[in-house]
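Novice: Everything below, folded, please.
(one chain, ligands or ions: 2)
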Amino acid sequence: MEQEGPLFILGVFFVLGIVALTVVAVLQNKPLPENLKYGIVLDAGSSHTSVYIYRWPAEKENDTGVVQQVEECKVEGNGISSYHEKPVEAGLSLQACMNKARDIIPVSKHKETPVYLGATAGMRLLRLTNSRVADEVLASVENTLRSSPFDFQGARIITGQEEGAYGWITINYLLGNFIHSSPWFNIMPNSKEGTSGALDLGGASTQITFVSDENIESQDNSLRFRLYGKSYNVYTHSFLCYGKDQALRLQLANTMTGQNITLLDPCFNSGYMRNVSTADLYSSPCVSGLRILTAPQTIQIQGTGNYQLCKNKVQTIFNVSHCSYSRCSFNGIFQPGLQGEFGAFSAFYFVMDFLKLTKEKVSLDSVKDTVERHCSKPWAEVKRESGRIKEKYLSEYCFSGVYILSLLDLYGFNSSSWEDITFLGKIHGSDAGWTLGYMLNLTNMIPAELPPSPPLSHGGYVGLMVFFSVFLLFILLTCWLTFRKPKCLQKGII
Ligand SMILES: Nc1ncnc2c1ncn2[C@@H]1O[C@H](COP(=O)(O)OP(=O)(O)O)[C@@H](O)[C@H]1O
Ligand SMILES: [Ca+2]
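Specialist: Numbers count the residues shown, from 1 in each chain. Ligands and ions are numbered 1, 2, ... in the order given. Here you go, the predicted model:
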C-alpha cells in the first residue's frame, strides 16, 4: 500500500505529461492565419471583355486548386477590337469594372495585386488588318490599367497557342488533375488518373488542346510541360477565323451572289430576317478574300430553318481535301487521334446550355435531334420560348449548334467518343477559360516539381496526436486495472 501512493502520483504526472505534450504539439502546429493574395486578369475577347478577380491563400500558392475566382465583371459593350475607329475609348470602357475591382480587393492589397490583360482573336484580326490601330487600342487599355491602383503587368495579344495551353492548364488545375495523390496521405478529392483535353470556342477563333502519346508531326502544334513533377506532351491548335462569329461570316460569304438582295439561309429559323451590310461582312480579313465586287451594299438574310441544308452549307467553310501529314482535322492542319476526356467551354458551353444538353451525358444522336428540332422551329416560337436572351445569340443558336457538331466531327468525335466530352461553364465556382492558367503561369504559381509538403495535413496531424495519446492512456489504465499494483510500471514496461 505504501508503494501505491508515489506510483499513483507518478501515473498522474505521466497522464498530465501526455496531455500537455499533445496540447503543445497541436498549438505549435496550428495553421497560420490566412494571408490572402489577389490577381486580376482581363480577357479581351473578340466579342466582349471580362475582368476576372482571383484570390488565394499566400502560404498555399504552390498547391493545386487553391486559386478561386471571386468576381467576373462583364465590361459594357463589345470587345476592344470594335474600338478600331476610336481607339482612345477602348480604355475608357474598362473603367467601370476596374472601379469594381477597387471595391472588392482590400485597399491594403491594391499595390501588390498584379493586373494582366490578354487580348485574343479579335485583336489578332485587327492586327492583320491594321497593326497601327491595334497598337493604339492596346496603348489605350494600357493607359487605363496603369492608372489603376494595382500592379500593372502588361497588356498584349496572346497567341492562339497560348490561348489553347492556358485553357488546358486552367481546367486541369481546377479539376485537380495535376496532383492525384501526394506520397503520403494528402489524397486529392478528384483523383481520377490523367488530364482532360480542352475545347474552347470563341467568336473569332477556336482551340483544341490535349495530351497525346503519338508523335506530334508539326512543331507548331507541340507543347511540352513539366508541372508538379510530371511531364506532359501536349497537342494544341488554334483555328483563327473559326470562332462562331467569323465562321458565320465565312458561311454567309460563301453563299453570296453578285445580284440577289435577299439570301435564303437554312441556318436561321424560318420567319427570321436580318439586314447585313456587305462592307461590314467583308471588313474581316477572314472573308475579305471571298469578296464579290458586284455584291449589293446591303443584303437581307431570310431564315428557312433547315438542319440538313444548314449542315451542307456549314461544311463548305472547311477544307478537307489536302493534308501533308499522316492525318489532319481540316484546312491541312495536323491532328493526332483524340485521347482521353475533354472539357468544352466558352461558346461550346453557352450553346449547349441553351439547348439544355449540358446537365447529363446525352448521346450524339440526341444532340443532333435537339439541334434539328431547334432549327425547324419558327422564329416567333423561339422568341416566345426564350424572350430574355439577346436577339443576336438567340437567332444564331441553330447555326451555332450545327457549326459545333460539324467542328467536333472534323476533330474526330463520333458516337462513342462524344461521351468523353463534358460541357463546362464553371468548375468549383471559377470560369473555364484561359485567364486563370495565364495568371498561374505569369505568377509562377505552378511549380515544375512537386513542392515539399508535410506528409500530414493539420487535421490529420491533430487526429493522430489525439489517437496515440488516447491509446497510451488506455494501455496505462489497463495495466493499472489488471495488476492493481501496477507492476508494469515497476518492471519498466512503459
Ligand atoms: N449566352 C451566350 N449565348 C451564345 N453565345 C454566347 C453567349 N455569351 C457569349 N457568347 C459567344 O461566345 C463567344 C465568345 O467569344 P470571345 O471570347 O469574345 O472571342 P475570342 O475568344 O474568339 O476572342 C462569342 O461568339 C459570343 O457571341
Ligand atoms: Ca475567348
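Novice: so what's the residue of the stretch 101-250 of the chain found nearest ligand 1 closest to, chain neighbours aside?
Specialist: Closest to ligand 1 within the stretch 101-250 of the chain is Gly202: 2.2 Å, counting by Cβ to the nearest ligand atom. Backbone N, C-alpha and C define where each C-beta goes, glycine included. Residue nearest to Gly202 in three dimensions, not counting chain neighbours: Gly243, with 4.1 Å by Cβ to Cβ, 6 or more residues apart in numbering.
Novice: tally of neighbours for that neighbour?
Specialist: Residues lying near Gly243 (other Cβ atoms under 10 Å) number 29.
Novice: likewise Gly289?
Specialist: Every residue meeting other Cβ under 10 Å relative to Gly289 is counted, giving 8.
Novice: three-state assignment of it?
Specialist: Of the three states, Gly289 takes helix under DSSP: H, G, I helix; E, B strand; the rest coil.
Novice: right, and the residue nearest to Gly202 touches Gln207 too?
Specialist: No: under the criterion of Cβ atoms under 8 Å, Gly243 is not in contact with Gln207, lying 9.6 Å apart.
Novice: residue boundaries of the helices in the stretch 251-400 of the chain?
Specialist: Secondary structure of the stretch 251-400 of the chain (DSSP state H, counting those that start in this stretch): helices at 278-281, 307-315, 347-354, 364-376, 379-385, 391-411.
Novice: which one of those helices lies closest to Tyr235?
Specialist: Closest to Tyr235 of the helices of the stretch 251-400 of the chain is helix 391-411 (Cβ to Cβ; 11.1 Å).
Novice: I'd like to know which elements the closest one is packed against.
Specialist: With contacts defined as 3 or more Cβ pairs under 8 Å, 6 or more residues apart in numbering; DSSP states H and E, helix 391-411 has these neighbours: strand 197-201, helix 244-255, helix 307-315, helix 347-354, helix 364-376, helix 379-385.
Novice: If we go by neighbour counts, what in stretch 242-259 is buried?
Specialist: 242-253, 256 (16 or more other Cβ atoms under 10 Å).
Novice: I should have written stretch 124-144 there, sorry.
Specialist: By neighbour count on 16+ other Cβ under 10 Å, the buried set for stretch 124-144 is 124-127, 133-134, 136-138, 140-144.
Novice: Average the pLDDT values over the longest strand seen in the chain and round to the nearest integer.
Specialist: Counting residues, the longest strand found in the chain (DSSP state E) is strand 230-240. Across strand 230-240, pLDDT averages out at 98.
Novice: Rebuild the helices and strands packed on helix 391-411 as a markdown table, extending it with mean pLDDT and distance to Gln153.
Specialist: What follows is the helices and strands packed on helix 391-411, written out as a markdown table (pLDDT from 0 to 100; distance: least, Cβ to Cβ, whole Å):
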| stretch | mean pLDDT | distance to Gln153 |
| --- | --- | --- |
| strand 197-201 | 98 | 23 |
| helix 244-255 | 97 | 29 |
| helix 307-315 | 98 | 40 |
| helix 347-354 | 98 | 28 |
| helix 364-376 | 98 | 41 |
| helix 379-385 | 97 | 44 |
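Novice: give the contact list for the residue nearest to Gly202.
Specialist: 46, 121, 201-206, 347 (Cβ atoms under 8 Å, 6 or more residues apart in numbering).
Novice: Now distance to Val19 and neighbour count too, for these, in CSV please.
Specialist: Shown next, in CSV, are these (distance: Cβ to Cβ, whole Å; neighbours: other Cβ atoms under 10 Å):
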residue, distance to Val19, neighbour count
Ser46, 65, 25
Ala121, 64, 31
Leu201, 61, 26
Gly202, 61, 27
Gly203, 65, 22
Ala204, 66, 28
Ser205, 64, 26
Thr206, 63, 30
Ala347, 61, 22
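Novice: Check the closest residue to ligand 2 within the stretch 51-200 of the chain and give its pLDDT.
Specialist: Ligand 2 sits closest to Thr120 of the stretch 51-200 of the chain, with a gap of 5.1 Å, by Cβ to the ion. Reported pLDDT at Thr120 in the predicted model: 98.
Novice: Was I right to think it contacts Leu201?
Specialist: No: Thr120 is beyond contact range of Leu201, at 11.9 Å (criterion: Cβ under 8 Å).
Novice: Let's verify Gly118: helix, strand, or coil?
Specialist: strand.
Novice: which parts of the helix or strand hosting Arg102 are buried?
Specialist: Following DSSP states H and E, one finds Arg102 within helix 95-104. The neighbour-count check on helix 95-104 (16+ other Cβ under 10 Å) flags 97-98, 101 as buried.
Novice: For these, please prepare JSON lines with the additional fields pLDDT and distance to Gln69.
Specialist: Shown next, in JSON lines, are the buried residues of helix 95-104 (pLDDT from 0 to 100; distance: Cβ to Cβ, whole Å):
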{"residue": "Cys97", "pLDDT": "98", "distance to Gln69": "14"}
{"residue": "Met98", "pLDDT": "98", "distance to Gln69": "17"}
{"residue": "Ala101", "pLDDT": "98", "distance to Gln69": "13"}
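Novice: Count the residues that sit near the residue of the stretch 1-150 of the chain found nearest ligand 1.
Specialist: Nearest residue of the stretch 1-150 of the chain to ligand 1: Gly45, at 2.7 Å (Cβ to the nearest ligand atom). By the measure other Cβ under 10 Å, the count of residues near Gly45 is 27.
Novice: how about it, what does it touch?
Specialist: 79, 120-122, 202-203.
Novice: hey, what's Asn233 bridged with?
Specialist: Using DSSP bridges, the bridge partners assigned to Asn233 are Arg224.
Novice: got the residues of the stretch 101-250 of the chain near ligand 2?
Specialist: Residues of the stretch 101-250 of the chain lying close to ligand 2 (Cβ under 5 Å from the ion) are Gly202.
Novice: give me the low-pLDDT residue ranges for the stretch 101-250 of the chain?
Specialist: Residues of the stretch 101-250 of the chain that meet the criterion pLDDT under 70 lie in 180-192.
Novice: can you list the residues of it near ligand 1?
Specialist: Contact residues (Cβ under 6 Å from any ligand atom) of the stretch 101-250 of the chain with ligand 1: 120-122, 202-205, 243-245.
Novice: Adding distance to Ser288, write those residues out as JSON lines.
Specialist: Output for these, formatted as JSON lines (distance: Cβ to Cβ, whole Å):
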{"residue": "Thr120", "distance to Ser288": "20"}
{"residue": "Ala121", "distance to Ser288": "16"}
{"residue": "Gly122", "distance to Ser288": "16"}
{"residue": "Gly202", "distance to Ser288": "20"}
{"residue": "Gly203", "distance to Ser288": "17"}
{"residue": "Ala204", "distance to Ser288": "14"}
{"residue": "Ser205", "distance to Ser288": "17"}
{"residue": "Gly243", "distance to Ser288": "17"}
{"residue": "Lys244", "distance to Ser288": "19"}
{"residue": "Asp245", "distance to Ser288": "15"}
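Novice: Same list (the helices of the stretch 251-400 of the chain) but as CSV, adding distance to Pro87.
Specialist: Formatted as CSV, the helices of the stretch 251-400 of the chain follow (distance: least, Cβ to Cβ, whole Å):
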stretch, distance to Pro87
helix 278-281, 19
helix 307-315, 34
helix 347-354, 26
helix 364-376, 39
helix 379-385, 36
helix 391-411, 24
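Novice: closest to Phe468 out of those helices?
Specialist: helix 347-354 (49.3 Å).
Novice: re the thing from before, deepest-packed of the helices and strands packed on helix 391-411, please.
Specialist: Mean neighbour count (mean count of other Cβ atoms under 10 Å) peaks for strand 197-201 among those, with a mean of 29.
Novice: That one to helix 244-255, inter-axis angle?
Specialist: Put simply, strand 197-201 runs at 60 degrees to helix 244-255, going by axes from the mean of the first three to the mean of the last three Cα atoms, to 10 degrees.
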